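Engineer: Got a predicted structure here, sequence first:
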Amino acid sequence: MTTNFTFTIKSLSLDENYRPADSTRITTNFANLARGEHRQQNLRNALNMINNSFNALAHWDNPKGDRYSVELEIVSVDMDIEAGGGSFPSIEVLKTYVVDNKTNERIEGIVGNNFSSYVRDYDFSVRLLDHNKGKSQFTIPADFGELHGKLFKHFVSSEEYKQNFKKPPVICLSVSDNKTYHRTENQHPVLGFEYEPNESSLTEQYFQKMGLQVRYFMPPNSVAPFAFYFFGDLLNDYTNLELISTISTMETFQKIYRPEIYNANAVAGKSYQPSLKNSDHSLTQVVYDREERSRLAIEQGKFAEETFIKPYQDVLNQWAANYA
């Protein structure tokens, strides 16, 4: 019997009144902001930072720097397993919209940006640790990331995706603090200078299994490059405003969560090695707990193992083996 997975897509506005759903990973950037006594102020500050960053990059025909504002939607994707077999919160991403306050037009931006996945938590925080327990040398399981990659590709090629989104996703992550990045001569008006890493990272290989390729760019006004994961042609498939919506959104999150890299007081040079030990950085007005994030990643991985990986192990193995 072949199992089929279908998807249910829900969306929710990310504004200062946002409260995370029970199924949302608490370590997800936007959910982490929306907790505790400062939740509303955190969200308000982050959304202001996004708008300011957007207008600084989209500066043409924008003399006062207030022409645009960014609206964000949280897109939650539940994977429905067989008929009546239940569903699992598979991924959450962000969708951007750009409001042109001069023309009152609302322009569709990019889907993806942030990438949240319980199965990825399981792979990195449970499976990888279990695989290396008691070993003197760190190794990676042979099929590491394959199931997750196939599930993601299945979603992006699904009818549900095509009905909801016009273009493939772009995911924007921070650079790896154990790699060195070299600036090339390639420069894009919005994405900025392109950088190339000295070697491939485990994250790169993981996203490659999801069908995504990666390029690294440091946009104007930024102090460090970002990793952009995409299908197709990043520089030609998306408009400048679409790209700016992703840059401004994800730079804001990274300034909050990785201030040592993205809110550093010095700009990355021709050869750049990011460091989370860099003390020469500024903090934003947003409060969060980084240690809690690390601890919760393990809990979230175990949740995926207990509610999805173990109960559906045979179904998942069979489906992955037959997935073309």
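Structural biologist: Right, received. Where do you want to start? Numbers count the residues shown, from 1 in each chain.
Engineer: quick one, strands of the protein?
Structural biologist: Ranges of strands within the chain are 5-14, 68-81, 87-100, 105-117, 170-174, 181-188, 192-197, 213-218, 226-230, 271-272, based on DSSP state E.
Engineer: how about the ones you listed in a markdown table, adding mean neighbour count?
Structural biologist: Every C-beta, even on glycine, is put in place using the N, C-alpha and C of the backbone. Below are those laid out as a markdown table (neighbours: other Cβ atoms under 10 Å):
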| stretch | mean neighbour count |
| --- | --- |
| strand 5-14 | 16 |
| strand 68-81 | 20 |
| strand 87-100 | 21 |
| strand 105-117 | 21 |
| strand 170-174 | 22 |
| strand 181-188 | 15 |
| strand 192-197 | 19 |
| strand 213-218 | 20 |
| strand 226-230 | 23 |
| strand 271-272 | 16 |
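Engineer: Would you mind telling me which of those strands is nearest residue 160?
Structural biologist: Residue 160 lies closest, by Cβ to Cβ, to one member of the strands of the chain: strand 5-14, at 4.4 Å.
Engineer: helices or strands up against the closest one?
Structural biologist: If you count contacts as 3 or more Cβ pairs under 8 Å, 6 or more residues apart in numbering; DSSP states H and E, strand 5-14 packs onto strand 68-81, strand 87-100, helix 146-156, helix 159-164.
Engineer: send the alpha carbons of the last one over as PDB?
Structural biologist: The C-alpha trace of helix 159-164 is given here as PDB (Å, rounded to 0.1, in the frame of the first residue of the first chain):
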ATOM      1  CA  GLU A 159      -0.700  21.300  -5.500                       C
ATOM      2  CA  GLU A 160      -1.300  23.000  -2.200                       C
ATOM      3  CA  TYR A 161       2.000  25.000  -2.500                       C
ATOM      4  CA  LYS A 162       1.300  26.000  -6.100                       C
ATOM      5  CA  GLN A 163      -2.200  27.200  -5.200                       C
ATOM      6  CA  ASN A 164      -0.900  29.400  -2.400                       C
END
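Engineer: tell me what that helix is packed against?
Structural biologist: Using 3+ Cβ pairs under 8 Å, 6+ apart, helix 159-164 sits against strand 5-14.
Engineer: now do 10 Å
Structural biologist: Helix 159-164 sits against strand 5-14, strand 68-81, helix 146-156, with contacts defined as 3 or more Cβ pairs under 10 Å, 6 or more residues apart in numbering; DSSP states H and E.
Engineer: between the helices and strands packed on strand 5-14, which gets nearest to residue 195?
Structural biologist: Residue 195 sits nearest to strand 87-100 of all those, at 23.5 Å, using Cβ to Cβ.
Engineer: quick one on the thing from earlier: quick one, which of the strands of the chain gets closest to residue 306.
Structural biologist: Each of the strands of the chain was scored for nearness to residue 306 using Cβ to Cβ, and the closest is strand 87-100 (11.3 Å).
Engineer: Walk me through which strands that closest one pairs with, and which way each runs.
Structural biologist: Neighbouring strands of strand 87-100 in its sheet, by DSSP bridges, are strand 68-81 (antiparallel), strand 105-117 (antiparallel).
Engineer: what residue lies at the spatial centre of this protein?
Structural biologist: Nearest residue to the geometric centre of the chain (Cα atoms, centre = their mean): residue 114, 2.5 Å.
Engineer: is it true that that one touches residue 46?
Structural biologist: No: between residue 114 and residue 46 there is no contact under Cβ atoms under 10 Å: 11.9 Å.
Engineer: where does the protein have low pLDDT?
Structural biologist: The model of the chain has pLDDT under 70 over residues 1-3, 21, 23-31, 34-36, 83-85, 287-294.
Engineer: dump the residue contacts of residue 126.
Structural biologist: For residue 126, the contact set (Cβ atoms under 10 Å, 6 or more residues apart in numbering) comprises 297-306, 309.
Engineer: again with residue 33
Structural biologist: 14, 18, 20, 39-47, 253, 256-257, 286-288.
Engineer: Could you do residue 86 as well?
Structural biologist: Going by Cβ under 10 Å, 6+ apart, residue 86 touches 78-80, 307-308, 311-312.
Engineer: cool, residue 235 as well?
Structural biologist: With Cβ under 10 Å, 6+ apart, residue 235 has these contacts: 186, 188, 190-191, 194, 215, 217, 228, 243.
Engineer: Repeat the analysis, applying 7 Å as the threshold.
Structural biologist: Contacts for residue 235 (Cβ atoms under 7 Å, 6 or more residues apart in numbering) come out as residue 188.
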